[in-house]
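**Q** just a sequence and a predicted model for now, questions to come.
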Amino acid sequence: MKIAFFSAHNYDIESMNELAKQEGIEHEFEFFEHRLTYGTAPLATGCDIVVIFVNDTANAAVLHKLHEVGVRAILLRCAGFDMVNLDVAQELGLIVLRVPAYSPYAVAEHAAGLMMSLNRKYHRAYNRTREFNFKLQGLLGFDLHGKTVGVIGTGKIGALFGKIAGGFGCKVIAYDVYENAEALSYGIQYVSLDEIFEQSDIISLHCPLFPSTHHMINEAAIEKMKKGVMLINTSRGGLIDTKALIRGLKSDKIGSVALDVFEGENGIFYEDHSGEIMADENFTKLFTFHNVLVTGHQAFFTKEALSNIAKTTMDNIRAIETEGPYINQVKK
Ligand code: NAI
């Protein structure tokens with residue numbers, strides 16, 4: 001089979017090629033650094049499978065184009081599937097498979113790292129000490145011990161993040177549409193979404209982006225939060241209304257924010273834009289706040305995660321080859 005990988009960077013190429021070599025797989029891989037868009041979709045002409053990542057676009061027009069050039073399946077190298085129009089995929093008979101879990105630890109640990117950095121300002125201290133400035137002004141943090149951490153979405157990642165926060169001696173409360181026995185076993189207490197907003201000193205988002213969760217952190221939600229709340233988003237940018245977030249930062253209602261994901265990140269993250277003028281004013285405005293920390297969708301980025309992504313992607317390729325079973329299928 002011929003397989004086209006979009007948004008393929010050196011680390012993706014190395015992990016896929018290494019595994020293919022180990023397992024003696026002889027499919028023909030085509031790696032493209034470009035994102036999948038309507039314009040780049042024809043690159044997959046003659047390919048049976050297209051493999052994509054978080055910032056690729058698989059909307060109706062792109063899926064029609066892929067179908068037209070002979071593609072039979074869309075494989076996601078990630079868990080989230082918000083970039084695929086599943087209705088259209090189903091209509092066209094395109095099979096969509098994903099990597100449901102590759103390392104929840106990677107993301108939960110990154111969220112914990114962001115929480116620590118925002119609180120103790122490691123990012124600012126790093127820059128300062130490199131210029132031999134050892135003043136502590138502006139680096140004041142607080143004890144995490146005894147603070148209330150609110151987790152929204154207690155699936156694989158949220159439950160682990162809650163466990164880590166519990167390890168710091170935080171009281172961990174959570175909101176989810178379902179209770180997770182694992183989260184309960186870590187002593188995490190389920191409450192309503194409003195109670196999360198009202199009681200948390202730190203809020204971390206770990207639920208998927210659905211139409212129902214789009215902009216769940218909006219003006220009204222921020223209004224209910226404690227003054228000085230810390231907000232962490234390693235899930236999906238669309239969960240937060242950026243304009244409301246900026247207003248919350250300006251009014252001091254929000255004490256600090258860490259974002260590994262951003263609503264308009266497509267076409268920005270995973271690329272070098274240094275030397276360019278960034279067009280997204282909301283994005284650039286965020287960098288004017290000393291209490292905002294941005295990482296470029298790197299929470300997943302550990303050796304273990306890359307190797308697990310490659311392994312499950314290879315299993316998914318095999319499932320297409322054998323026409324099932326599709327254990328990692330994403331359906332409407
Ligand atoms: P999961 O599917 O195990 O858990 C998601 C949880 O969210 C489930 O418990 C679900 O019931 C809950 N949920 C659904 N609707 C909700 C709502 N309206 N309110 C509250 N909770 C709701 O997913 P997992 O593996 O824990 O991943 C969580 C998210 O993390 C993914 O959706 C993805 O967007 C993001 N992610 C980000 C990565 C990064 O590199 N920054 C890497 C991997 C995932």
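**A** Thanks, I have the structure now. Numbers count the residues shown, from 1 in each chain.
**Q** for the residue in the stretch 101-250 of the chain that the ligand sits nearest to, give me its contacts.
**A** In the stretch 101-250 of the chain, the residue found nearest to the ligand is Gly155; the distance is 1.7 Å by C-beta to the nearest ligand atom. Heads up, the C-betas are built off the backbone N, CA and C, glycines and all. Shown in contact with Gly155 (C-beta atoms under 8 Å, 6 or more residues apart in numbering): Asp176, Asn180, His206, Cys207.
**Q** can you check Lys311 too?
**A** Contacts of Lys311 by C-beta under 8 Å, 6+ apart are Leu19.
**Q** about what we covered before: when you check the ligand, which of the contacts of Gly155 turn up near it?
**A** Asp176, Asn180, His206, Cys207 (C-beta under 6 Å from any ligand atom).
**Q** who's in contact with the first one?
**A** To tie it back to what came earlier, the one meant is Asp176. Taking C-beta under 8 Å, 6+ apart as the test, what Asp176 contacts is Ile152, Gly153, Thr154, Gly155, Gly158, Ala183, Tyr190, Cys207.
**Q** ok, the fifth one touching Gly150?
**A** What that stands for is Gly158. No: between Gly158 and Gly150 there is no contact under C-beta atoms under 8 Å: 10.5 Å.
**Q** relative to Gly237, how far out is the residue lying closest to Asn180 once chain neighbours are set aside?
**A** Spatially, and ignoring its direct neighbours in sequence, Asn180 is nearest to Thr154 (4.7 Å; C-beta to C-beta, 6 or more residues apart in numbering). Noted for Thr154: a distance of 20 Å to Gly237, by C-beta to C-beta, to the nearest Å.
**Q** which one's more surrounded, the two?
**A** A direct count of neighbours by other C-beta atoms under 10 Å for Thr154 and Gly237 places Thr154 higher, at 27 against 19.
**Q** state the mean pLDDT of the longest helix seen in the chain.
**A** Assignment by DSSP state H gives helix 303-321 as the longest helix of the chain. Mean per-residue pLDDT for helix 303-321: 96.
**Q** distance from it to the middle of the chain?
**A** 19 Å (C-alpha atoms, centre = their mean, to the nearest Å).
**Q** is Val229 in contact with Ile202, as I believe?
**A** Yes: the pair Val229 and Ile202 passes the contact test of C-beta under 8 Å, sitting 7.2 Å apart.
**Q** domain assignment for this structure?
**A** Domain ranges of the chain: 2-102+302-321, 104-294, per automatic domain parsing.
**Q** so which of these gets nearest Ile327?
**A** domain 2-102+302-321 (7.1 Å; C-beta to C-beta).
**Q** what does the stretch 201-332 of the chain put close to the ligand?
**A** Contacts of the stretch 201-332 of the chain with the ligand, taken as C-beta under 6 Å from any ligand atom, map to 206-208, 212-213, 234-236, 260-261, 297, 299-300.
**Q** shared neighbours, Gly158 and Gly150?
**A** Residues touching both Gly158 and Gly150 by C-beta under 8 Å, 6+ apart: Ala174, Ser204.
**Q** ok, Cys47 to the ligand distance?
**A** Relative to the ligand, Cys47 is positioned 26 Å away (C-beta to the nearest ligand atom, to the nearest Å).
**Q** identify the residues contacting that residue.
**A** Contacts for Cys47 (C-beta under 8 Å, 6+ apart) come out as Lys2, Ile3, Ala4, Glu30, Val69, Gly70, Val71.
**Q** which of those residues ranks first by neighbour count?
**A** Ala4 (26 neighbours).
**Q** for whichever strand or helix holds that one, name the packing helices and strands.
**A** Here Ala4 sits within strand 2-5, counting by DSSP states H and E. On a contact count with 3 or more C-beta pairs under 8 Å, 6 or more residues apart in numbering; DSSP states H and E, strand 2-5 meets helix 10-22, strand 28-31, strand 49-52.
**Q** how about the residues of the stretch 51-200 of the chain that lie near the ligand?
**A** 79-80, 101, 104, 107, 152-158, 175-178, 180.
**Q** ok, 5 Å please
**A** With C-beta under 5 Å from any ligand atom as the criterion, the stretch 51-200 of the chain meets the ligand at residues Ala79, Gly80, Val107, Gly153, Gly155, Lys156, Ile157, Asp176, Val177, Tyr178.
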